[in-house]
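A.B. asks: how would this look folded up:
(4 chains)
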Protein chains: 2
Amino acid sequence: MKASVVTIEPNGHFCSDCAVRDFAVCSSLDPAELREFEHLGRRVLFDGGETVFSEEDSTTSFYNLLDGVMRLYKLLPDGRRQIVGFALPGDFLGMNISGRHNFSADAIGGVTVCQFAKAPFGRFVESRPHLLRRINELAIRELSQARDHMVLLGRRSADEKVATFLLAWRERLFLLKGASDTVQLPMSRQDIADYLGLTIETVSRTFTKLERHGVIEIVQGGISLLDPAKVEALAAA
Amino acid sequence: MKASVVTIEPNGHFCSDCAVRDFAVCSSLDPAELREFEHLGRRVLFDGGETVFSEEDSTTSFYNLLDGVMRLYKLLPDGRRQIVGFALPGDFLGMNISGRHNFSADAIGGVTVCQFAKAPFGRFVESRPHLLRRINELAIRELSQARDHMVLLGRRSADEKVATFLLAWRERLFLLKGASDTVQLPMSRQDIADYLGLTIETVSRTFTKLERHGVIEIVQGGISLLDPAKVEALAAA
DNA sequence: CGTTGGATTGATTTAAATCAATTTTAGTGG
DNA sequence: CCACTAAAATTGATTTAAATCAATCCAACG
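C.D. replies: Purely as a prediction, here's the structure:
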């Protein structure tokens, strides 16, 4: 987290006109609480490629992603990387019990987060069980996704992995921005490979194979789903 | 869940002499709460191989594992299986937000659970934020383990997978029952394979390879860790 | 324009899967 | 207690999906 690239808007932002207001953690707060909550968080910007927090870091903050995409990953000592998820606006990051983040988080492209210092946030939650319930809900949802991803990593072929990824990513973008058959892929092929437990070459080959079969079209910054049904068949639910 | 093999002890059990009392969800309850809590759960026994709940089932109960080992898994339509975890005494099962279990759970060998009907349990938690916090803590801990397992599934070799599994399983048994270099493995080789994203043959070969190298000894119902340091080196933290 | 990092494509290798027997263990009934 | 069966585990031979090695290719950018 280089100070040079971090811009802090000292104040002048309001939860009431926050883009993720309705589906982030804070959706459980009433207007009065929201006004108090407003003072706890501050918007921080990161450039693409910047690390927001690292696995070994002791947790000093929680983050609510407001804008942009992040990759969440773990590294093995020899440098092998597993991306455990991609974060999109509305996602809440930093929950842990060990006092340390258990994964690292990089901005992919520019990112805006709402950052909360651990202690005051903790105190705020303390007295608001409905917020705690909301946080718990998010944790359980993530757990369910994590288990789905274990199945993908442990038991699916490269073709199935890629097809499943494209559909799931499209679905997330759909929930965020509405329907579109053009699926923006802001992450690199290497990121996709590290998410799916594959190599960059295998991901690339699978993309071109899908394109040759007329199932997708590789476009600038993403892909276009020409035959969603075929992709679903490949993903073999 | 065949009724024939399920034995319900109608009453006559007390939280105060429960084996998992100190490290399960209920560890957050004070004596007065515990007496109330006692009436919510009832002990249920399952035989080895019995299914306690299935992925598609709508959730009607939560479970606290009191005794025995369970495998938690997901199936693909074509029968491929990924075991997402093994449950040991003290583990709390059934949390979800969709109203459906998102994995299935089988008893491995005989099992005793403390079963809670969803609604009364939910009402009990409602008014006890410290219990909710405890549940949240368990969910976050599981999430962290799930991410570790993703790294294993996506980025580790067969040798590393097996070595990592043996160490992690030993550690869990250690926390439960104290130190021992004999590691009981109540699950089958197929279970281990489905947990590690391998085939039974690869698991078997890896075990014999470790034995040939004098690192472990395969014994009745488990393995003996002859050279823990060597196994740790193989696991390559 | 030339440089550079990301992506693609092709040739080859390899780790693990698959296929195919045994062997070992556990369970059952005489 | 022992013979018989069935399931689980091991071992070996062979195949294969994906990794690795090795060039390009391409798009962005100073």
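A.B. asks: Tell me which residues touch residue A:235, please.
C.D. replies: A:160, A:163-164, A:167 (Cβ atoms under 8 Å, 6 or more residues apart in numbering or on different chains). Quick note: C-beta positions are derived from backbone N, CA and C, even for glycine.
A.B. asks: try 10 Å
C.D. replies: By Cβ atoms under 10 Å, 6 or more residues apart in numbering or on different chains, residue A:235 lies in contact with A:152, A:156, A:159-168.
A.B. asks: Which parts of chain A are strands?
C.D. replies: A:7-8, A:41-46, A:51-53, A:61-75, A:81-87, A:92-93, A:104-117, A:182-184, A:216-219, A:222-225 (DSSP state E).
A.B. asks: The residue most central in space within chain A pairs with what?
C.D. replies: Nearest residue to the geometric centre of chain A (Cα atoms, centre = their mean): residue A:87, 0.7 Å. Beta bridges link residue A:87 to residue A:70 when assigned by DSSP bridges.
A.B. asks: hang on, isn't residue A:216 packed against residue A:167?
C.D. replies: No - contact between residue A:216 and residue A:167 fails when scored by Cβ atoms under 10 Å: they sit 11.0 Å apart.
A.B. asks: intersection of neighbour lists for these two?
C.D. replies: By Cβ under 10 Å, 6+ apart, residue A:216 and residue A:167 have these common neighbours: A:183, A:225, A:228, A:231.
A.B. asks: Can you give me the neighbour number for the closest residue to the first one other than its chain neighbours?
C.D. replies: Take residue A:183 and drop its neighbours on the chain: the residue closest to it by Cβ to Cβ, 6 or more residues apart in numbering or on different chains is residue A:170, 4.7 Å away. Summarising burial for residue A:170: neighbours were counted as other Cβ atoms under 10 Å in any protein chain shown, giving 22.
A.B. asks: didn't residue A:170 look like it was pressed against residue A:178?
C.D. replies: No - with contacts counted by Cβ under 10 Å, residue A:170 stays clear of residue A:178, the gap being 11.5 Å.
A.B. asks: Quick one: the contacts of residue A:235 as a markdown table, columns for neighbour count, pLDDT and distance to residue B:202 too.
C.D. replies: Below are these laid out as a markdown table (neighbours: other Cβ atoms under 10 Å in any protein chain shown; pLDDT from 0 to 100; distance: Cβ to Cβ, whole Å):
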| residue | neighbour count | pLDDT | distance to residue B:202 |
| --- | --- | --- | --- |
| A:152 | 23 | 98 | 19 |
| A:156 | 21 | 98 | 17 |
| A:159 | 16 | 98 | 22 |
| A:160 | 18 | 98 | 20 |
| A:161 | 24 | 98 | 20 |
| A:162 | 26 | 98 | 24 |
| A:163 | 23 | 98 | 26 |
| A:164 | 22 | 98 | 24 |
| A:165 | 22 | 98 | 25 |
| A:166 | 26 | 98 | 29 |
| A:167 | 18 | 97 | 30 |
| A:168 | 16 | 98 | 28 |
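A.B. asks: Between the residues you listed, which sits nearest residue A:42?
C.D. replies: The shortest approach to residue A:42 among these belongs to residue A:168, at 31.8 Å (Cβ to Cβ).
A.B. asks: Quick check: the closest one vs DNA strand C, distance?
C.D. replies: In this view, residue A:168 and DNA strand C are 19 Å apart by Cβ to the nearest atom of the strand, to the nearest Å.
A.B. asks: So for stretch A:20-37, mean pLDDT?
C.D. replies: For stretch A:20-37, mean pLDDT rounds to 91.
A.B. asks: again but with stretch A:182-197, I slipped
C.D. replies: Averaged across stretch A:182-197, the pLDDT comes to 98.
A.B. asks: Distance from that stretch to the middle of the chain?
C.D. replies: The chain centroid and the centroid of stretch A:182-197 are separated by 12 Å, computed with Cα atoms, centre = their mean, to the nearest Å.
A.B. asks: Give me the buried positions along that stretch.
C.D. replies: Buried residues in stretch A:182-197, counted by 16 or more other Cβ atoms under 10 Å in any protein chain shown: A:183-187, A:189, A:191-197.
A.B. asks: tell me which parts of chain A are close to DNA strand D?
C.D. replies: Contact residues (Cβ under 7 Å from any atom of the strand) of chain A with DNA strand D: A:157-159, A:197-199, A:201-202, A:220.
A.B. asks: So which residues on chain A come close to DNA strand C?
C.D. replies: Residues of chain A lying near DNA strand C (Cβ under 7 Å from any atom of the strand): A:188-190, A:200-201, A:203-205, A:207-208, A:218.
A.B. asks: who wins for most neighbours among those residues?
C.D. replies: residue A:203 (23 neighbours).
A.B. asks: Check the gap between the residue lying closest to it once chain neighbours are set aside and residue B:155 for me.
C.D. replies: Using Cβ to Cβ, 6+ apart and skipping the chain neighbours, the partner closest in space to residue A:203 is residue A:193 (4.7 Å). Distance, residue A:193 to residue B:155, using Cβ to Cβ, to the nearest Å: 11 Å.
A.B. asks: domain parsing for chain A?
C.D. replies: Chain A breaks down into these domains under automatic domain parsing: A:3-152, A:156-235.
A.B. asks: is any part of the longest helix seen in chain A close to chain B?
C.D. replies: In chain A, ranked by residue count with DSSP state H as the criterion, the top helix is helix A:129-155. Yes - under the criterion of Cβ under 10 Å from any Cβ of the partner chain, chain B is reached by helix A:129-155 at A:129-130, A:132-133, A:135-155.
A.B. asks: Make a PyMOL selection of whichever of those turn out to be buried.
C.D. replies: Here is the PyMOL selection string for the buried members of the residues of helix A:129-155 next to chain B, based on 16+ other Cβ under 10 Å:
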select buried, chain A and resi 129+132+133+135+136+137+138+139+140+142+143+144+145+146+147+148+149+150+151+152+153+154+155
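A.B. asks: so which of the domains of chain A comes closest to residue B:76?
C.D. replies: Closest to residue B:76 of these, according to Cβ to Cβ: domain A:3-152, at 6.8 Å.
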